[in-house]
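Q: Make a model of this:
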Amino acid sequence: MPDNSVLRPHGLVIVTDLDGNETVRDTLQCVHCQAHWVVVKGSGRRRGWCMKCGGPTCGAHACEVGGCVPKEAALEAEEKRYGELARSIQGNFVPSASGILTPK
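A: Have a look, this model is predicted:
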C-alpha cells in the first residue's frame with residue numbers, strides 16, 4: 001500500500017506535471033470544517049478523530065477544542081439566524097433602482 005493511501009479516502013487529487021506524468025493522492029475531509037488534505041504518512045502534522053461524528057478532524061484549533069459542531073449543524077444554525085434577520089428587516093427597506101436595499 002502506498003504511503004499516501006488510506007483505507008477509506010474521502011477524495012483524491014490528481015496532479016499532472018509538464019511531462020504528462022500523473023501523481024494520484026488520497027485525501028481526507030475534516031468532519032467539522034470540511035477542509036481536505038492530502039494524506040502524507042509521517043508528515044508530523046497532528047490530526048484528530050471526533051468520536052461523536054465518527055470521522056477525522058483537520059487539526060485546526062477550532063476543530064479540535066471548539067467542541068463538536070458538525071458542518072451541517074453549523075450551516076443549519078446559520079440559515080436559521082439568516083431567516084430571523086430577514087424577517088426582522090422585511091418591510092423596512094426598499095430596493096433602489098440599482099437593486100441596493102435602502103431604508104424607507
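
Q: Spatially central residue in the chain, please.
A: Geometric centre of the chain, nearest residue: residue 34, 2.3 Å, by Cα atoms, centre = their mean.

Q: Just the pLDDT at it, thanks.
A: With respect to pLDDT, residue 34 scores 88.

Q: unless I'm mixing things up, it is touching residue 69, no?
A: No - look at residue 34 against residue 69 with Cβ atoms under 8 Å: they stay out of range, at 11.8 Å. Glycine gets a C-beta too; all of them are placed from N, C-alpha and C.

Q: And the helices in this structure?
A: For the chain, helices defined by DSSP state H occupy the ranges 61-65, 71-89.

Q: possible to save the ones you listed as TSV with mean neighbour count?
A: Putting the helices of the chain into TSV (neighbours: other Cβ atoms under 10 Å) gives the following:
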stretch	mean neighbour count
helix 61-65	13
helix 71-89	11
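
Q: Those into a markdown table, with extra columns for distance to residue 51 and mean pLDDT?
A: Output for the helices of the chain, formatted as a markdown table (distance: least, Cβ to Cβ, whole Å; pLDDT from 0 to 100):
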| stretch | distance to residue 51 | mean pLDDT |
| --- | --- | --- |
| helix 61-65 | 13 | 84 |
| helix 71-89 | 16 | 79 |
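
Q: No more questions from me, cheers.
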